[in-house]
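**Student:** Got a predicted structure here, sequence first:
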Protein chains: 2
Amino acid sequence: MKKLCLFVAFSACAVLASANLQAEQLKQPLAATQAIDLTQKMHEGMPFWPGGVPFTMHRLVDYDQGYQLHKFEVGENTGTHVDAPSHFIKGKQSIDQIPLSNLIVPAVMIDIQDKVTGNPDYELTPSDIEAWEAANGKIPANALVVLNTGWHKRFSDSERYINMDDSKVMHFPGYHPDSAKLLLERDVAGVGIDTLSLDFGGSKTFAFHVAMLKANKYQIENMGNLDALPATGATVVVGVLPVQGGSQAQARIIALLP
Amino acid sequence: MKKLCLFVAFSACAVLASANLQAEQLKQPLAATQAIDLTQKMHEGMPFWPGGVPFTMHRLVDYDQGYQLHKFEVGENTGTHVDAPSHFIKGKQSIDQIPLSNLIVPAVMIDIQDKVTGNPDYELTPSDIEAWEAANGKIPANALVVLNTGWHKRFSDSERYINMDDSKVMHFPGYHPDSAKLLLERDVAGVGIDTLSLDFGGSKTFAFHVAMLKANKYQIENMGNLDALPATGATVVVGVLPVQGGSQAQARIIALLP
């Protein structure tokens, strides 16, 4: 009888352990009745980081053979994509290692379009974040902070999106490295933007990237449709491709609204 | 005054129309506290359709230059992916045209692992679906029906997953073409499976594919972790890459549980 009881107890533990492995607890419950797509459509000719690998789509089979089939080639950082901590920092989480509980999180949208008008090199400062918090409340822990610079409206025009001057310097807005400290104090899950890079176009050091990735936070670049995202209240589902050992990967980003 | 009123009315309509374009109403509200990943990890050496394009990942930059960067090459049907109606049927929805309200839907899981044991060519029949409904209730409209054949546990072993005999015929389970009619009567949003194809390995006609895609339904192949998915009660978020004009594309598939 003792042996049987031990066996039953052991089996119950095993079932519990395997259930824990498979379903992951969200850090915050979510409720939704609406959805917003924050992903830029992928197509040949879409903007990519200068010197990087563009998206190409090659037709292998067409309807004359009964169906259509394509092959894709793409740099892991082209289009709407997520940077894993391992992108810059050896030994940190690769793109397939980010837990679901960090990919399904409350979204916070900071709109700096008025500051970017007339200054494409604008960088989000800690006082911009504090002003946002004064109006909207403190950024909750484990949120995705999304910076709406208005740049997503240029995505259909690579030249205006990359905005490179004659000295080969790019001009688009970003997060000032000083704002990393405050966002890490808020213990964000990740940060996003609607440009080619979290750091502004003129950055040589990528200091904001380094600070966030070192702290094991992920980053999303080339987000779309940010004017539809409210300042607070949405939950975002970051559907990034789980590429084993990838340092970045393409993602479908969907915001859910109550 | 009349002109001004007309202008105000027109502007209000324009705002309304653009809001409608941006946030999409879900057909069913969702609530979640847990998440399950139904996506197979992507890596070189993972199974792919014989004669197709495998996933390859080429390292372009490594940490000695300060960061890591890769390039991906992949057939649009390799790994966990979605078939758009345009995969087989000219003029139907391409992969970027499937509305969010069809990608965020209730999931229904039908487990046929007991029938597949000893018969890798097993095909789901209408009476299997009716038996499932007798136990679990009618399949709701706009659901994603997911067939758990147990095959997802072979994904790490390409040879056992493709399971090709000496005459080059593949042996894995699927949906019998006769079950398409019943699933279309239930007005499903889409269908999924944990093998290389919705039709069983020996199919020459892909009759189930044709019936579903013709009816403008999408299909998911190579799903993972299906033992974690309950028969009913989950909502699935099909995070497929919105490739313009793509007939299929890779996806991150996440089930949300109340």
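**Tutor:** Structure's in. What do you need?

**Student:** mind listing what the residue of the stretch 151-258 of chain A found nearest chain B touches?
**Tutor:** At 2.3 Å from chain B, residue A:239 is the closest residue in the stretch 151-258 of chain A, using CB to the nearest CB. For the C-beta atoms, the positions are set from N, CA and C on the backbone; glycine is no exception. The contact partners of residue A:239, taken as CB atoms under 8 Å, 6 or more residues apart in numbering or on different chains, are A:103, A:251, A:252, A:253, A:254, B:237, B:239, B:251, B:252, B:254.

**Student:** which one of those sits closest to residue B:210?
**Tutor:** residue B:251 (21.6 Å; CB to CB).

**Student:** Help me confirm that the closest one comes into contact with residue B:39.
**Tutor:** Yes - with contact defined as CB atoms under 8 Å, residue B:251 and residue B:39 form a contacting pair (7.1 Å).

**Student:** more neighbours, those two?
**Tutor:** When neighbours are counted by other CB atoms under 10 Å in any protein chain shown, residue B:251 and residue B:39 differ, and residue B:251 comes out ahead with 27 against 24.

**Student:** The more buried one should be in a strand, yeah?
**Tutor:** Yes - under DSSP: H, G, I helix; E, B strand; the rest coil, residue B:251 falls within a strand.

**Student:** so who does it touch?
**Tutor:** Residue B:251 sits in contact with A:239, A:252, B:39, B:80, B:81, B:82, B:220, B:238, B:239, B:240, B:241, where contact means CB under 8 Å, 6+ apart.

**Student:** Now go through those residues and say which are in helices.
**Tutor:** Of the contacts of residue B:251, none are assigned to helices by DSSP state H.

**Student:** Most widely separated two among the contacts of residue A:239?
**Tutor:** Maximum distance among these (CB to CB): 14.0 Å, for A:103 and B:251.

**Student:** Can you read off the backbone torsions of residue A:133?
**Tutor:** phi -70, psi -40 (degrees, to the nearest 10).

**Student:** Pull up the overlap in contacts between residue B:251 and residue B:39.
**Tutor:** The contact sets of residue B:251 and residue B:39 overlap at residue B:80 (CB under 8 Å, 6+ apart).

**Student:** and stretch A:147-161 with chain B, contact?
**Tutor:** No - contact of stretch A:147-161 with chain B (CB under 8 Å from any CB of the partner chain) is absent, the minimum separation being 11.3 Å.

**Student:** Start and end of that stretch, how far apart?
**Tutor:** Start-to-end span of stretch A:147-161 (CA to CA, to the nearest Å) is 16 Å.

**Student:** residues making contact with it?
**Tutor:** By CB under 8 Å, 6+ apart, stretch A:147-161 touches A:40, A:45-47, A:109-113, A:116-117, A:122, A:124, A:163, A:172-175, A:191-196, A:222-227, A:229.

**Student:** let's go with 6 Å and repeat that
**Tutor:** Residues from elsewhere that reach stretch A:147-161, judged by CB atoms under 6 Å, 6 or more residues apart in numbering or on different chains: A:40, A:47, A:109-113, A:116, A:124, A:172-173, A:193-195, A:224, A:226.

**Student:** which among the residues you listed end up buried?
**Tutor:** A:40, A:47, A:109-112, A:116, A:124, A:172-173, A:193-195, A:224, A:226 (16 or more other CB atoms under 10 Å in any protein chain shown).

**Student:** Identify each of the strands in the stretch 51-200 of chain A and give its residue range.
**Tutor:** Along the stretch 51-200 of chain A, counting by DSSP state E, counting those that start in this stretch, strands occupy A:56-61, A:69-75, A:81-83, A:104-111, A:123-124, A:144-148, A:174-175, A:190-193.

**Student:** Neighbouring strands - and their directions - for the third one?
**Tutor:** Just to be clear, that refers to strand A:81-83. Counting by DSSP bridges, the strands paired with strand A:81-83 are strand A:218-221 (antiparallel), strand A:248-257 (antiparallel).

**Student:** tell me the mean pLDDT over that strand?
**Tutor:** What strand A:81-83 shows for mean pLDDT is 98.

**Student:** Please apply the same query to the fourth one.
**Tutor:** Averaging pLDDT along strand A:104-111 gives 98.

**Student:** ditto for stretch A:212-219
**Tutor:** Average pLDDT, stretch A:212-219: 97.

**Student:** Any idea what the residue nearest to residue A:226 when sequence neighbours are not counted is bridged to?
**Tutor:** Once flanking residues are discounted, residue A:226 sits nearest to residue A:148: 4.0 Å by CB to CB, 6 or more residues apart in numbering or on different chains. Using DSSP bridges, the beta-bridge partners of residue A:148 come out as residue A:111.

**Student:** Would you quantify the distance from residue A:148 to chain B?
**Tutor:** Relative to chain B, residue A:148 is positioned 13 Å away (CB to the nearest CB, to the nearest Å).

**Student:** quick revisit: out of the contacts of residue A:239, the closest to residue A:72 would be?
**Tutor:** residue B:251 (13.1 Å).

**Student:** Mind listing the residues bridging to that closest one?
**Tutor:** Beta-bridge pairing for residue B:251 (DSSP bridges): residue B:240.

**Student:** so what pLDDT did the closest residue to residue A:54 other than its chain neighbours get?
**Tutor:** Distances taken as CB to CB, 6+ apart place residue A:48 nearest to residue A:54, at 4.8 Å, with adjacent residues excluded. Model confidence at residue A:48, given as pLDDT, is 97.

**Student:** my guess is residue A:48 meets residue A:76, correct?
**Tutor:** No - the pair residue A:48 and residue A:76 fails to qualify as a contact (CB atoms under 6 Å) at a distance of 11.0 Å.

**Student:** So which of those two has more stuff around it?
**Tutor:** Between residue A:48 and residue A:76, counting by other CB under 10 Å, residue A:76 is the more crowded of the two (28 against 20).

**Student:** Next, the contact list for the spatially closest residue to that one that is not a sequence neighbour, please.
**Tutor:** Residue nearest to residue A:76 in three dimensions, not counting chain neighbours: residue A:248, with 4.2 Å by CB to CB, 6+ apart. Listed by CB under 6 Å, 6+ apart, the contact set of residue A:248 reads A:76, A:77, A:81, A:83, A:87.

**Student:** if we go to 8 Å?
**Tutor:** Contacts here follow CB under 8 Å, 6+ apart; on that basis residue A:248 touches A:76, A:77, A:81, A:82, A:83, A:84, A:87, A:95, B:69, B:70.

**Student:** and what of residue A:202?
**Tutor:** Residue A:202 neighbours (CB under 8 Å, 6+ apart): A:121, A:169, A:170, A:171.
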